[in-house]
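# Requesting a structural model of the entry that follows:
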Amino acid sequence: MAIDFDAIRKKLNSLSGANSKRRVMWRPPEGETVNVRIIGFTDNDGNPFKERWFYYNIGNNPGLLTPHQFGKPDPIQELIQNLKSEGTKESYEMAKKLYPKMRTYAAVVVRGEESEGVRLWAFGKTVYQSLLNIMLDPDYGDITDNHEGHDIKVTCTKQPGKMFAMTDVMPRPKATSLGTKDQISTWTGDIPNLDDIYSLKSYEQLENIINAWLNGDNEEAEADSPKSREQVKTQAPTSKTRGPTNKSYGTNIDDAFADLDKDLGF
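Okay, the predicted model is just below:
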């Protein structure tokens with residue numbers, strides 16, 4: 001059997017840390033304009049971008065993948081549904097904190113840093129919409145085409161007094177090739193696997209995390225501590241987090257929950 005040297009090279013990189021999350025992920029530097037070329041994911045039903053939904057600001061966890069988006073049981077989603085059924089202002093405010101948010105990912109080659117290979121760029125809804133609108137513009141079309149696509153100018157600026165930087169994207173007017181034949185072959189065959197970057201926690205792990213958060217404990221609970229599956233479904237947040245829930249807000253709260261649901265893509 002012939003030896004697969006590419007597989008050996010990837011294994012060596014993984015053992016040496018060369019494929020660490022820090023290396024794989026890319027973000028635009030503030031105050032600069034950088035040209036990138038987006039390489040479409042080929043395993044995503046025709047969408048060159050990948051979407052992932054995360055729960056944020058629960059304890060000390062920077063972001064928790066939602067099992068619900070993969071059709072798996074999800075204790076946090078169960079809690080959200082129970083809060084919705086209460087129909088109170090307090091339950092709405094709590095559910096609003098728990099609702100997941102989408103991050104979109106593109107595989108990119110950064111011009112001037114081609115030696116770094118293909119990296120993953122994560123961005124929010126505004127940048128995603130801008131890129132999709134560019135692709136629907138007949139002057140540009142499929143910007144990810146390997147031979148007749150367009151590089152994207154990415155500018156990241158932070159205005160005085162603003163908490164977050166703003167990212168603007170603009171296609172380069174001239175269509176160009178992604179690279180040489182050998183580069184195209186290498187880059188398209190070496191797109192990082194997004195599922196290797198973010199791991200999905202088990203039902204029990206998420207159950208422990210959300211129960212610890214509801215009890216005012218910001219530390220992540222031990223994944224293997226015994227917990228009842230019913231606890232997260234029935235336990236209410238402590239008085240530090242919520243007020244009384246005996247007042248009904250009727251259809252106004254229903255409309256508010258409907259507005260939250262509009263942003264969910266699953």
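
# Which residue ranges of this protein form helices?
Secondary structure of the chain (DSSP state H): helices located at 5-16, 21-24, 75-86, 89-98, 125-136, 181-188, 194-197, 203-214, 231-234, 250-262.

# Mean confidence (pLDDT) on the fourth one, please.
Right, the one you point to is helix 89-98. Averaged across helix 89-98, pLDDT comes to 91.

# Centre of the chain to it, how far?
From the chain centre to the centre of helix 89-98 is a distance of 22 Å (C-alpha atoms, centre = their mean, to the nearest Å).

# elements contacting it?
Contact here means 3 or more C-beta pairs under 8 Å, 6 or more residues apart in numbering; DSSP states H and E; on that basis helix 89-98 packs against helix 75-86, helix 250-262. Bear in mind the C-beta positions are built from the backbone N, C-alpha and C, glycine included.

# go again using 10 Å as the cut-off
The contact analysis (3 or more C-beta pairs under 10 Å, 6 or more residues apart in numbering; DSSP states H and E) places helix 89-98 against helix 75-86, helix 203-214, helix 250-262.

# what angle separates that helix from helix 75-86?
In terms of direction (axes from the mean of the first three to the mean of the last three C-alpha atoms, to 10 degrees), helix 89-98 departs from helix 75-86 by 150 degrees.

# Please report how far the residue nearest the centre of the chain lies from residue 181.
In the chain, the centroid-proximal residue (C-alpha atoms, centre = their mean) is residue 103; its distance is 3.0 Å. Applying C-beta to C-beta, to the nearest Å, the value for residue 103 to residue 181 is 33 Å.

# Least confident of the helices of the chain, on average?
Minimum mean pLDDT among these: helix 231-234, a mean of 37.

# Quick check: beta-bridge partners of the residue lying closest to residue 116 once chain neighbours are set aside?
Spatial nearest neighbour of residue 116, chain neighbours left out: residue 110 (6.7 Å); criterion: C-beta to C-beta, 6 or more residues apart in numbering. Counting by DSSP bridges, residue 110 forms beta bridges with residue 36.

# How confident is the prediction for residue 110, by pLDDT?
pLDDT recorded at residue 110 is 98.

# what's the burial count for it?
Residue 110: 19 surrounding residues under other C-beta atoms under 10 Å.

# now it: how far from residue 42?
Going from residue 110 to residue 42 by C-beta to C-beta gives 20 Å.

# What of residue 135?
In this view, residue 135 and residue 42 are 16 Å apart by C-beta to C-beta.

# More neighbours: those two, which one.
Higher neighbour count among residue 135 and residue 42: residue 135, with 17 against 11, using other C-beta under 10 Å.

# quick one: average confidence on stretch 166-176?
Average pLDDT, stretch 166-176: 96.

# That one spans what distance, first to last residue?
With C-alpha to C-alpha, to the nearest Å as the measure, stretch 166-176 spans 27 Å from end to end.

# on that earlier part again, so the residue nearest to the centre of the chain sits right up against residue 55, yeah?
No - look at residue 103 against residue 55 with C-beta atoms under 10 Å: they stay out of range, at 11.7 Å.

# any common contacting residues for these two?
Shared contacts of residue 103 and residue 55, defined by C-beta atoms under 10 Å, 6 or more residues apart in numbering, are found at residue 63.
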